[in-house]
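**Student:** Could you work out the structure for the sequence below:
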Amino acid sequence: MRRMSGAIVCLSVLGAVKLLSLSWLCSLTVGLGLCVACMGSRKFIHIVLRTIKRDLMCLAVILRVRFSMYRFSKHRRTIPALFSQMVTLHPDKPALIYEATGEVWSFRELQERCNAVAHWALAQGWAEGDVVALYMESHPTVVALWLGLATVGVEAAFINHNLRHHSLLHCISVSGARAMVFGTELREAVSEVSGSLQPSMVLFSYGEQEDEVKICNLRAQSLDALLDRSPKHPPNYTLRKGFNDRLFYIYTSGTTGMPKAAVVVHSRYYRIVACTFHSFGLRRDDIIYDCLPLYHSAGRIGLIFCLLFGLTVVIKRKFSASRFWDDCVKHNCTVIQYIGEICRYLLAQPVRQSEAHHRVRVALGNGLRASVWEEFVQRFRMRQVGEFYGATECNCSLINIDGKVGACGFSSRIMSSFYPVTLMRVQENGELLRDSQGLCIPCLPGEPGMIVGRINHNDPLRRFDGYADLDSTKKKIAHNVFSMGDSAYLSGDVMVMDEYGYIYFRDRSGDTFRWRGENVSTTEVEGVLSGLLGHTDVAVYGVSVPGTVEGKAGMAAIAYEGHKFDLDAFLTAVQKALPSYACPVFLRLIPLFLESLKKQLQSKHMLSNNLYEFLKSRLTSLTSPTIFSQLQIMDWTLYSSCQILVLHCTALCKNYNKPIFSLQYKIENFKLRTFARLF
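**Tutor:** Model (predicted):
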């Protein structure tokens, strides 16, 4: 409290002397002098000197965004209404460019397509609050669909186009969607689940009707034809929703269980992008290259720059490392979006001429590791890296406003009350650690902890809107965190803060891990694998593989009774049932007669720390660098074809601390089989 009071006095003096027309240098000198007198701590003054510029920059952004949000909330503005202002300002400016075909939509054309969608939605009899699922690959039409639906209060639910079978059905179900629009390229996936959909579910297909028979069998209406006949003028409809009402749903695995439909309200969508826009100095004449999937919250950030600030966005159907810089040069892009894996893939590419001719000055995204940060900046001549952190639904987003290498953001050491985001100590089971009074214990600098954000529904920067499912929402809220009677959002992410307040991502807690830029739900994968194996016990968890990609690879420990295991059939079934990023990279087959190993299936923590660590030490020594280098080189082929590195436990004694293992490394595409006896 004393530290906070001193900081406030310091800032008050800074403002006062500035009003007297003194220079900022004089202001800073006077303010820091008073701070020294108040605090009496050289270390704290050192921290102030190092961070005051950063903190004031962020404070200015927060105040600016907060004021805008207050105005929009007061006048009940919505995202469609704010987009209409951009159309009025520059109707003929390119809004969206579809890189695959070169198709260009101006702001006026985008609005006309949105109007057509709005008329179509009203013709279907949908009301405000109804949900329509969108199951499509990245295309400008996705933007027109959700924005047009939002114009009349209908909420879109963005479904990952990689999902199949049970996962797809689950996402459709939890959203409560009355209808689904799917791309014709995904008709096979829709056919597989059509028999399990609710009878009242209405299907619409969009895209080239290559196989009209199959589309007809699905009883799907052609959305292309319906939109062509739909009026292009604004609908005669008055939207009752306001700035803090629901806009759409984005699915997130979070840290526990199956994918959840996270609620995104108009104000949150604005807040995310406005903070990013002002923090990293983006301009209205910027052109953004967006190669991230549009069902993903990161991929949607680029789009809202277009809708709210008038930037042009180039939509890439699918990321291509070899075409990345060529596309940027072709479209004169000035801003790119990334996740950490993309930066590594680009660095792994051979040097291209286009690298020296692009106009990109800002890279926006999250997950850029410190080990490749500087190399990425130097090789591609990047003026600024805009690293940020924030789950789809969280209220504790962070921004690395001054480009600190490796940090995902910061928490002010001198103005913490302006943005109450804190790292709290956690127990081994992931629960928050509490003191004798029942309150949570903040972490000291250098101490890992879970990042949490205080919830205040009267503050648009602090509200937590939760999920479509109420139980899932309750699980993400903790009470009596900062003070008795309060509540806070639990991120499930473990981070570390240094003495200057910079925060660094460490790991994910709970039943999820990150792989290929996606969050993998262990509960979801366990359910699918167990079903494929006749309800056999399965434990899934993430493991780090030395020398390979970011994140953790999936390990599935399967209990079996010694019967013949048809690996090829199992791999085929897994590939059909799960998206590629969720397929396990490692299998462990554990005999049921080992009682000690049976117990391990009940504890993923013990599985990872005992048996796997024991095996990994021997695996590295016996196969390095041969197998691990092959795994790294052929990783994409290995993973995309659903091949699996099999760790086959053939323990011959009941003491699992001294088992005998056999390793089978199998890559079908390269006809390579390697066996090693590990003792």
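**Student:** Output the contacting helices and strands for the helix or strand harbouring Ile52.
**Tutor:** Assessed by DSSP states H and E, Ile52 sits inside helix 42-74. The contact analysis (3 or more Cβ pairs under 8 Å, 6 or more residues apart in numbering; DSSP states H and E) places helix 42-74 against helix 2-19, helix 24-39, helix 266-279, strand 409-410. In this view, the C-beta of every residue, glycine as well, is placed from N, C-alpha and C.
**Student:** how about a cut-off of 10 Å?
**Tutor:** Contact analysis of helix 42-74 by 3 or more Cβ pairs under 10 Å, 6 or more residues apart in numbering; DSSP states H and E lists helix 2-19, helix 24-39, helix 79-89, helix 266-279, strand 398-399, strand 409-410 as its packing neighbours.
**Student:** now the angle from it to helix 79-89?
**Tutor:** Helix 42-74 runs at 80 degrees relative to helix 79-89, counting by axes from the mean of the first three to the mean of the last three Cα atoms, to 10 degrees.
**Student:** Off-centre distance for helix 42-74?
**Tutor:** 25 Å (Cα atoms, centre = their mean, to the nearest Å).
**Student:** again, but for stretch 246-254
**Tutor:** Worked out by Cα atoms, centre = their mean, stretch 246-254 lies 11 Å from the chain centre.
**Student:** same question, stretch 241-259
**Tutor:** 12 Å.
**Student:** do the same with stretch 109-117
**Tutor:** 28 Å.
**Student:** hang on, the earlier thing: now do the helix holding Ile52, average pLDDT.
**Tutor:** Helix 42-74 comes out with an average pLDDT of 91.
**Student:** Kindly report the same for stretch 383-390.
**Tutor:** For stretch 383-390, mean pLDDT is 94.
**Student:** now stretch 504-514
**Tutor:** Per-residue scores along stretch 504-514 average to 76.
**Student:** For that stretch, measure first residue to last.
**Tutor:** In terms of Cα to Cα, to the nearest Å, the two terminal residues of stretch 504-514 are separated by 16 Å.
**Student:** mind checking the longest strand of this protein?
**Tutor:** strand 487-497 (DSSP state E).
**Student:** Ends of stretch 260-271, what's the gap?
**Tutor:** Start-to-end, stretch 260-271 (Cα to Cα) is 22 Å.
**Student:** where's the closest residue to Leu197 other than its chain neighbours, which helix or strand?
**Tutor:** The shortest distance from Leu197 to any non-neighbouring residue, by Cβ to Cβ, 6 or more residues apart in numbering, is to Ile172 (6.9 Å). Using DSSP H and E, Ile172 falls within helix 165-175.
**Student:** Secondary structure element holding Asp224?
**Tutor:** Under the assignment here (DSSP H and E), Asp224 is part of helix 223-228.
**Student:** What's the first helix or strand after that helix?
**Tutor:** strand 246-252.
**Student:** Paired strands for that following strand, with orientation please.
**Tutor:** Looking at strand 246-252 with DSSP bridges, its partner strands are strand 155-158 (parallel), strand 260-265 (antiparallel).
**Student:** Include mean pLDDT when you put the ones you listed into TSV, please.
**Tutor:** What follows is the strands paired with strand 246-252, written out as TSV (pLDDT from 0 to 100):
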stretch	mean pLDDT
strand 155-158	97
strand 260-265	94
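**Student:** So which of the ones you listed is nearest Glu137?
**Tutor:** Among the strands paired with strand 246-252, strand 155-158 comes nearest to Glu137, with 11.7 Å by Cβ to Cβ.
**Student:** residues of the closest one that come out buried?
**Tutor:** Buried positions in strand 155-158, judged by neighbour count with 16 or more other Cβ atoms under 10 Å: Glu155, Ala156, Ala157, Phe158.
**Student:** For Ile401, which residues are in contact?
**Tutor:** 53-55, 57-58, 61, 275, 278-280, 386-388, 409-410 (Cβ atoms under 10 Å, 6 or more residues apart in numbering).
**Student:** now swap in Glu374 and tell me
**Tutor:** Val385, Val405, Gly406.
**Student:** what does Ala468 give?
**Tutor:** Neighbouring residues of Ala468 by Cβ under 10 Å, 6+ apart: 131, 155, 157, 174-176, 246, 249, 251, 260-263.
**Student:** let's see it at 6 Å
**Tutor:** Taking Cβ atoms under 6 Å, 6 or more residues apart in numbering, we find Ala468 in contact with Val174, Ala261.
**Student:** Domains in the protein, by residue range?
**Tutor:** Listed by the TED database, the domain ranges of the chain are 414-502, 512-604.
**Student:** out of those domains, nearest to Ala127?
**Tutor:** domain 414-502 (17.1 Å).
**Student:** Can you give me the first-to-last residue distance of that closest one?
**Tutor:** Terminal residues of domain 414-502 lie 13 Å apart, using Cα to Cα.
**Student:** how distant is that domain from the center of its chain?
**Tutor:** That offset, for domain 414-502, works out to 19 Å (Cα atoms, centre = their mean).
**Student:** hmm, back to that, quick one: which of the contacts of Ile401 is nearest to Glu431?
**Tutor:** The closest of these, once distances to Glu431 are taken by Cβ to Cβ, is Gly409, at 24.4 Å.
**Student:** Once you drop chain neighbours, what's closest to the closest one?
**Tutor:** Leu398 (2.3 Å).
**Student:** what bridges to that neighbour?
**Tutor:** Tyr389.
**Student:** hmm, back to that, save the buried residues of strand 155-158 as JSON lines, and put in distance to Val193 too.
**Tutor:** Converted to JSON lines, the buried residues of strand 155-158 look like this (distance: Cβ to Cβ, whole Å):
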{"residue": "Glu155", "distance to Val193": "21"}
{"residue": "Ala156", "distance to Val193": "19"}
{"residue": "Ala157", "distance to Val193": "15"}
{"residue": "Phe158", "distance to Val193": "17"}
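**Student:** Mind picking the one among the contacts of Glu374 that's closest to Pro420?
**Tutor:** Nearest to Pro420 among the contacts of Glu374, with distances taken as Cβ to Cβ, is Gly406, at 24.0 Å.
**Student:** so how many other residues sit close to the nearest residue to that closest one once chain neighbours are set aside?
**Tutor:** Using Cβ to Cβ, 6+ apart and skipping residues adjacent in sequence, the residue nearest Gly406 is Ala370, 3.0 Å away. Neighbour count for Ala370, taken as other Cβ atoms under 10 Å: 11.
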